[in-house]
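1. Following is a predicted model, sequence given first.
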Amino acid sequence: MTILLTPTCAGKGVIGSDRVPNPTQGFSINFDYYLPPCYANLPQASYPVLYLITLSSETSLSETDNTPMSLTERLIHSGKMPPVIIIVPGQLIGYGSDAALTKDLVPYVDGKFRTIPDRQHRGTGGISNGAAVAVRMAFQFPETFGSVGLLSGGLADGEGDRFEGWLLRTPPQFWPRVRIDVGDQDAIMRLTQNLLTLLDKHHVPYTLNVGHGDHNWVFWSSQMESYLLWLSKEWQ
């Protein structure tokens, strides 16, 4: 199967919803998905996947907003971003949600859609609490995710030892790519600093963008285009 690298279709992508039918980790998982333009018309094409854990999901494709699915659609049509599949799970609350999304949702998505099922073509990211879940997913399961992007997120106080254990057991060549965006007025900047301290301690490379803003959609939407382009840049 091949990767579709250029936008050859003028049509719209498809948005839908689904649920994992037989979860094994104690969490019921509902999710929204975005399939890129011409997905149904190109049965030989397979696609990278982004798992985005946001504060809310999108149920339509708008020509103007900067929510992840609408912006991805425009970036694909402009040729700035390769066609990708986006998965937006309902945010899971509680210890173990990172493992549930990785062990239950990822295999289900790979079985349902034409994904490229390897870490190099699978990324995750999130906003606020979703960013914390995403970074746990990426470093706890580096064989599954090759990149992670955080918007206004980090590590909770007291979480460092567990995260450091994941780092120590993973060879550096398998650490995920990391991008962190945070506003200079963000009230949870301390949690971002918790993560940065550990990454610096172990010399884990990362991209950090500190912009003017707070912990809100105004800041997140202003970063969304560069954030999506960074997550997908190795798939061009």
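-> Okay, I see it.
2. Now do the strands in this protein.
-> Counting by DSSP state E, one finds strands in the chain at the ranges 2-3, 14-19, 30-35, 45-46, 49-53, 85-89, 122-127, 147-151, 177-183, 207-211.
3. which stretch among those strands comes nearest Lys112?
-> Among these, the nearest to Lys112 by Cβ to Cβ is strand 14-19 (7.2 Å). From N, CA and C alone the C-beta is placed, and that goes for glycine too.
4. hmm, back to that, now tabulate the strands of the chain in a markdown table and tack on mean pLDDT and distance to Tyr95.
-> Below are these laid out as a markdown table (pLDDT from 0 to 100; distance: least, Cβ to Cβ, whole Å):
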| stretch | mean pLDDT | distance to Tyr95 |
| --- | --- | --- |
| strand 2-3 | 51 | 36 |
| strand 14-19 | 94 | 21 |
| strand 30-35 | 94 | 19 |
| strand 45-46 | 92 | 34 |
| strand 49-53 | 95 | 15 |
| strand 85-89 | 94 | 16 |
| strand 122-127 | 95 | 16 |
| strand 147-151 | 97 | 19 |
| strand 177-183 | 97 | 23 |
| strand 207-211 | 95 | 27 |
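5. Would you mind giving those as TSV with mean neighbour count added?
-> Supplementary listing: the strands of the chain in TSV, determined by neighbours: other Cβ atoms under 10 Å:
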stretch	mean neighbour count
strand 2-3	12
strand 14-19	14
strand 30-35	20
strand 45-46	18
strand 49-53	26
strand 85-89	25
strand 122-127	28
strand 147-151	27
strand 177-183	23
strand 207-211	13
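6. hmm, which helix or strand of this structure has the shakiest average pLDDT?
-> In the chain, no helix or strand scores lower on mean pLDDT, DSSP states H and E than strand 2-3, which sits at a mean of 51.
7. just to revisit the earlier point, of all the strands of the chain, which lies closest to Thr115?
-> Nearest of the strands of the chain (Cβ to Cβ): strand 49-53, 5.0 Å.
8. Can you pull out the low-pLDDT segments for this protein?
-> By pLDDT under 70, the weakly predicted segments of the chain are 1-8, 55-64, 93.
9. ok so, going back, columns distance to Glu234 on top of the strands of the chain, output as CSV?
-> As requested, those are exported to CSV (distance: least, Cβ to Cβ, whole Å):
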stretch, distance to Glu234
strand 2-3, 11
strand 14-19, 25
strand 30-35, 19
strand 45-46, 16
strand 49-53, 12
strand 85-89, 16
strand 122-127, 9
strand 147-151, 7
strand 177-183, 8
strand 207-211, 13
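10. how about those, which one is nearest Ala134?
-> Checking those against Ala134 by Cβ to Cβ gives strand 122-127 as the closest, at 3.8 Å.
11. Partner strands of the closest one, with direction?
-> Its sheet considered, strand 122-127 pairs with strand 49-53 (parallel), strand 147-151 (parallel) by DSSP bridges.
12. what angle sits between it and strand 85-89?
-> 40 degrees (axes from the mean of the first three to the mean of the last three Cα atoms, to 10 degrees).
13. Val84: which of the strands paired with strand 122-127 is closest?
-> Shortest separation from Val84 across these is recorded for strand 49-53, at 5.7 Å, computed as Cβ to Cβ.
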